[in-house]
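Participant: missing the sequence, but the structure's below:
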Ligand SMILES: Nc1ncnc2c1ncn2[C@@H]1O[C@H](COP(=O)(O)OP(=O)(O)OP(=O)(O)O)[C@@H](O)[C@H]1O
Ligand SMILES: [Mg+2]
């Protein structure tokens, strides 16, 4: 049986797709057979970030409507054989997803895969609802700003009441916080919420802090999940996150401004 | 309403017994594991240590009794006292537990002496409610319609909790969340959302919160926004009540 993880936030543009691609690749690289599904029907870009956009023939919606088999639609990553992606359709709208159809696809994938990652679209509409409905775990991606925290809080309320686990009275979805696009310098200047500020409202298990980093844009422009850029701070942050999720005990990084990294040394002299 | 005291002539009145009503937190048990109860209580107390310190407590055992589960009352009382709580009465217990209680100096509350018998309910899962509050009903209600709720998970933005009776919340209420009760509202954790008590017009309803950061509070339709709160009340333990149609917030 696979573990189903939804990557969600409520608010748009906070880093869900970046996170889905990185975490999926991270799990696969550790030898876990993983599939990542793009629920953002109509605006697909997970395939771009994973660099397989030219290999998309059939998609998630085709499978749901029995226009193709699952095996026809799944794309195997060229860098890591344990990673598969189920892309979204660019030409259909979100109503093309049905609860019955999504449930059936997830059930079929569960037989083969260890982890199923659902990249949720923004908002709380149908696509986002179906992405979280069947989840076992939720990665809440939040940026350190008030509106993002508020939307995450709202999403947590929905997870607690509208998911399949909630409806069936089963053990609730396990919730994890990923604080993304974090800039300790800006926190220090009071321009951004700190980890503590965010936790005061959300009080979740913190899986990791991903720093604001140019490497993310570079990586997605070249279709390489940032976790494969092992030199980059964001890549390392995602590696830590995957390790912590798998139960490793890693101290948190990228939270404080005054780390004695190369960066700090360069600036201390000024 | 004083009960007649039999007074011997020309003796000064030394005692008088009046009926009075206190608001006492009720500990509603749905587990008989002392370890579990202790752990969960400790967590709650940590959130508002001053609030719980030496607080009187009514122990409600209806649910366990209904399920024919008998908790070890002696160790429960011992545990509560070790947490600096003062259990003063039990309710809904078995005959055997009642006699143990009396032995331990704990009062036994039976249904018929309560004005409003506690209606015991499973801890409800917080629901996301989208529908509007039902239309206004007459205030006169039979006792069985009164429903009290106890919420132990955080109430998150967009969630709305409605109850016909009293609402007690032991976890943070976040901005954008709404607590609505026809009776009183008690919040023993940071209160950052909205609280509306006495929504069917009961002007005697109150809101108690241990850490006032609310966006809005209202009693029987009279409301006040956070921007109109006195700054000295922020994050304080307060009582919110109506006095002559004016909403007052008092530090406790
Ligand atoms: N840690 C980061 N540092 C810098 N830029 C980032 C970081 N994470 C994400 N971004 C950038 O933010 C933008 C949005 O990221 P992404 O597409 O992953 O968000 P999303 O939550 O999936 O958005 P949507 O809600 O539209 O699906 C992208 O341009 C991405 O490069
Ligand atoms: Mg996205």
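Facilitator: Good, I have the coordinates. Predicted model only: the values in this text are computed from it and were never measured. Ligands and ions are numbered 1, 2, ... in the order given.
Participant: Can you give me the buried ones in the helix ranked longest in chain B?
Facilitator: In chain B, taking DSSP state H as the definition, the longest helix is helix B:34-47. Of the residues in helix B:34-47, B:37, B:38, B:41, B:44, B:45, B:47 count as buried by neighbour count, 16 or more other CB atoms under 10 Å in any protein chain shown. For every residue, glycine as well, the C-beta is placed using N, CA and C.
Participant: Same check on stretch B:87-102?
Facilitator: B:87, B:88, B:89, B:90, B:91, B:92, B:93, B:94, B:97, B:98, B:100, B:101.
Participant: Also stretch A:192-203?
Facilitator: A:192, A:193, A:194, A:195, A:198, A:199, A:201, A:202.
Participant: Repeat that for stretch A:56-64.
Facilitator: Going by 16+ other CB under 10 Å, stretch A:56-64 has these buried residues: A:56, A:58, A:59, A:60, A:61, A:62, A:63, A:64.
Participant: From those residues, pick the one nearest ligand 1.
Facilitator: Closest approach between the buried residues of stretch A:56-64 and ligand 1, by CB to the nearest ligand atom: residue A:60, at 15.0 Å.
Participant: quick revisit: ok, so of the buried residues of stretch A:192-203, who is nearest chain B?
Facilitator: Of all these, chain B sits closest to residue A:201, with 5.6 Å by CB to the nearest CB.
Participant: my read: residue B:219 touches residue B:200, true?
Facilitator: No - using CB atoms under 8 Å, residue B:219 is not in contact with residue B:200; the gap is 11.6 Å.
Participant: Among the two, which residue is more densely surrounded?
Facilitator: Remark: of residue B:219 and residue B:200, residue B:219 carries more neighbours, 26 against 18, as counted by other CB atoms under 10 Å in any protein chain shown.
Participant: which among the buried residues of stretch A:192-203 gets closest to residue A:150?
Facilitator: For the buried residues of stretch A:192-203, the closest approach to residue A:150 (CB to CB) belongs to residue A:201, at 8.0 Å.
Participant: Following element in sequence after the strand or helix carrying residue A:165, please.
Facilitator: Here residue A:165, judged by DSSP states H and E, is contained in helix A:164-167. Sequence-wise, the next helix or strand downstream of helix A:164-167 (DSSP H and E) is strand A:174-182.
Participant: what about the helix or strand following that following strand, near ligand 1?
Facilitator: Past strand A:174-182, further along toward the C-terminus, the next helix or strand under DSSP H and E is helix A:184-188. No - using CB under 6 Å from any ligand atom, helix A:184-188 stays clear of ligand 1, coming no nearer than 12.3 Å.
Participant: what does helix A:184-188 contact?
Facilitator: Outside helix A:184-188, the residues that touch it by CB atoms under 8 Å, 6 or more residues apart in numbering or on different chains are A:144, A:192, A:193, A:194, A:211, A:254, A:255, A:256, A:257.
Participant: swap the cut-off to 6 Å and go again
Facilitator: Outside helix A:184-188, the residues that touch it by CB atoms under 6 Å, 6 or more residues apart in numbering or on different chains are A:192, A:194, A:256, A:257.
Participant: looking only at pLDDT, what's the mean for the helix or strand following that helix?
Facilitator: Beyond helix A:184-188 on the C-terminal side, the first helix or strand identified by DSSP H and E is helix A:195-202. Helix A:195-202 carries an average pLDDT of 95.
Participant: if I've got this straight, residue B:250 is in a strand?
Facilitator: Yes - per DSSP: H, G, I helix; E, B strand; the rest coil, residue B:250 lies within a strand segment.
Participant: In contact with it, which residues?
Facilitator: By CB under 6 Å, 6+ apart, residue B:250 lies in contact with residue B:239.
Participant: Tell me the helix or strand right after the helix or strand containing residue A:209.
Facilitator: Following DSSP H and E, one finds residue A:209 within strand A:205-211. Next in sequence after strand A:205-211, counting helices and strands by DSSP H and E, comes helix A:214-221.
Participant: Quick check: buried residues in that next one?
Facilitator: By neighbour count with 16+ other CB under 10 Å, helix A:214-221 contains the buried residues A:215, A:216, A:219, A:220.
Participant: List the residues that contact the closest residue to the last one other than its chain neighbours.
Facilitator: The one in question is residue A:220. Nearest residue to residue A:220 in three dimensions, chain neighbours excluded: residue A:49, at 4.8 Å (CB to CB, 6 or more residues apart in numbering or on different chains). Residue A:49 is in contact with A:17, A:21, A:220, counting by CB under 6 Å, 6+ apart.
Participant: quick revisit: quick check: mean pLDDT of the helix holding residue A:165?
Facilitator: Rounded mean pLDDT across helix A:164-167 is 96.
Participant: What are the buried residues along that helix?
Facilitator: Within helix A:164-167, the residues scored as buried using 16+ other CB under 10 Å are A:164, A:165, A:166.
Participant: Near ligand 2, list only the ones from those residues.
Facilitator: Among those, no residue is within reach of ligand 2 (CB under 5 Å from the ion).
Participant: Tabulate those (CSV), appending distance to ligand 1.
Facilitator: Output for the buried residues of helix A:164-167, formatted as CSV (distance: CB to the nearest ligand atom, whole Å):
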residue, distance to ligand 1
A:164, 23
A:165, 23
A:166, 24
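Participant: By mean pLDDT, flag the weakest helix or strand of chain A.
Facilitator: Lowest by mean pLDDT, DSSP states H and E among the helices and strands of chain A is helix A:262-268, with a mean of 50.
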